[in-house]
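**Student:** Fold the following for me, if possible:
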Amino acid sequence: MNPTVNALEKRVVSKTMMRILPFILILYIIAYLDRVNLGYAALQMNAELALTAEVFGLLSGIFFIGYFFFEVPSNMIMHKIGPKIWIARIMLTWGIVVILTGFAQTTTHLYILRFLLGVAEAGFFPGVILYLTYWFRNRERGKATAVLLLALPIGGLIGAPLSTWILDNIAWLNMSGWRWMFILEGIPALILGVVVLFYMTNRPANAKWLSQEEKDWLEGELEKERQASKKVNKVSKLEMLKDFKIWKLSLLYFAAYTGIYGLSFWMPTIIKSLSATATTNLEIGWLAMIPSIVGIPAILFVGWNADRTNAYKNHLLVCFLISVLGFIGCGFSSSVFMMVLMLAITSAGLYGFTGCFFAYLTFFFTDSTAPVGIAVVNSFAALGGFVGPMILGAVAFTSGMFIIAGLLIIGAITLMSLKLSTERKEGNLARASIKTETSL
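**Tutor:** As a prediction, the model looks like this:
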């Protein structure tokens, strides 16, 4: 490779990563925290509003019904009008809904607000994944998505002690701590929604922080990959939707989503059920941090190593199997120590899966089909966010853990069948990338 081009490549990749990834990581941390803080609110809210386990399970999952219906149109709108305006709109509306949740007086209010939160936030995550394809080549996308997905464990790491501290220590104006938790944790979304309008750059061509040479090089690299993708992927949205692979991808992520959000909403309650009655909400929060801590290196390692080896499917399969073992272990756990240990193992597998799945996912779409394709996979998979909490609310925790483990096994089998049918496709994409490199 030409040394001058090599230096240019390193400079542009470094600039884009430093400019884009920390910011979108912060945005997704706030999104994840506002999505799952209901689980910490339950430590007070369920008793105050007399919510049963079944009702709470439905409340946790109904978010994803609104999410499901509005995700695809949201991504199509973002692709048309640009990420900056649309992501700002998403954040401002979801921040308002989260704050209003702090004033809910009945179960009906909560049902409506949780559904509206799903509607408001729909399109944020697939929109950001689509946004990464505007800026990063295939070879950097695993690292980029791994950084983005760090929001899941970091959100848990921040949210667990913060939310439970608010529960135990803030009761201003004679309002319960769970109400202030929603109000205070909704405010950052409003602030950052405004910041997005001034900070986010839609495409490389609009980047004032890149020189013209840097813009031209990056746009050229991305265009080469778009052309290579058109040779091996469907270019028509209708043809893409007829391709069974997109539904297999949806099932894969549905299985993982079910596990991730089943645990995210129920983890504080599960830990509390095995703890001594004297255990405080803040102590439960500290214990709930442990699986999140384990998730951080899991996401980074799997995303980095999948990029390095170009073996995304193998990494996904190993992560599925680790998650299955973790859920089975959770089902047999009868003490806080064993439960937290098994939750940590489960989290390593689930978070590791997310660390490379979205890089793998983008290989299946062209520039024209990516907005719909990514949103379709994410929206159908998001139904797992409805199913997971419902399973753990409708049956005993032990049975629920085994059911989710069975679903993950189905996901692993689906992945193995997808491996055979996409092997040539990934090889073509890899060869196209190598050809691009050697031509420089």
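
**Student:** I figured residue 262 hits residue 389, correct?
**Tutor:** Yes: the pair residue 262 / residue 389 is scored as a contact, 5.8 Å apart, by CB atoms under 8 Å. Where you see a C-beta, it was placed from the backbone N, CA and C, and this is true even at glycine.

**Student:** For the strand or helix carrying residue 144, what is the distance to the chain centroid?
**Tutor:** If you go by DSSP states H and E, residue 144 is part of helix 138-149. Centre-to-centre, helix 138-149 and its host chain are 13 Å apart (CA atoms, centre = their mean, to the nearest Å).

**Student:** what helices or strands is whatever helix or strand comes next after it leaning on?
**Tutor:** Remark: after helix 138-149, the chain's next helix or strand is helix 151-169, criterion DSSP H and E. The helices and strands touching helix 151-169, judged by 3 or more CB pairs under 8 Å, 6 or more residues apart in numbering; DSSP states H and E, are helix 3-36, helix 38-48, helix 177-199, helix 244-274, helix 281-309, helix 336-362.

**Student:** Present the ones you listed as JSON lines; the columns should include mean neighbour count and mean pLDDT.
**Tutor:** Converted to JSON lines, those look like this (neighbours: other CB atoms under 10 Å; pLDDT from 0 to 100):
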{"stretch": "helix 3-36", "mean neighbour count": "18", "mean pLDDT": "92"}
{"stretch": "helix 38-48", "mean neighbour count": "21", "mean pLDDT": "94"}
{"stretch": "helix 177-199", "mean neighbour count": "19", "mean pLDDT": "97"}
{"stretch": "helix 244-274", "mean neighbour count": "23", "mean pLDDT": "90"}
{"stretch": "helix 281-309", "mean neighbour count": "20", "mean pLDDT": "90"}
{"stretch": "helix 336-362", "mean neighbour count": "24", "mean pLDDT": "90"}
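
**Student:** which residues of the stretch 101-250 of the chain score low on pLDDT?
**Tutor:** 232-237 (pLDDT under 70).

**Student:** Tabulate the helices and strands packed on helix 151-169 (TSV), appending distance to residue 405.
**Tutor:** Shown next, in TSV, are the helices and strands packed on helix 151-169 (distance: least, CB to CB, whole Å):
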stretch	distance to residue 405
helix 3-36	21
helix 38-48	21
helix 177-199	31
helix 244-274	8
helix 281-309	16
helix 336-362	9
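
**Student:** Which one of these lies nearest to residue 81?
**Tutor:** helix 177-199 (12.9 Å; CB to CB).

**Student:** Now do the closest one: distance to the chain's middle.
**Tutor:** Counting by CA atoms, centre = their mean, helix 177-199 is centred 19 Å from the centre of its parent chain.

**Student:** Quick one: name whatever helix or strand follows that helix.
**Tutor:** Taking DSSP H and E, what comes next after helix 177-199 is helix 212-232.

**Student:** Tell me the buried residues in that following helix?
**Tutor:** 214, 215, 217, 218, 221, 222, 224, 225, 228, 229, 232 (16 or more other CB atoms under 10 Å).

**Student:** Does anything pack onto it? Which helices or strands?
**Tutor:** By 3+ CB pairs under 8 Å, 6+ apart, helix 212-232 packs against helix 3-36, helix 397-438.

**Student:** give me that answer again for 10 Å
**Tutor:** Judged by 3 or more CB pairs under 10 Å, 6 or more residues apart in numbering; DSSP states H and E, helix 212-232 is in contact with helix 3-36, helix 124-133, helix 138-149, helix 397-438.

**Student:** thinking again about what came up before, minimum distance to residue 406: which of the helices and strands packed on helix 151-169 has it?
**Tutor:** That would be helix 244-274 among those, by CB to CB, at 9.6 Å.

**Student:** and residue 52, how many neighbours?
**Tutor:** 11 (other CB atoms under 10 Å).
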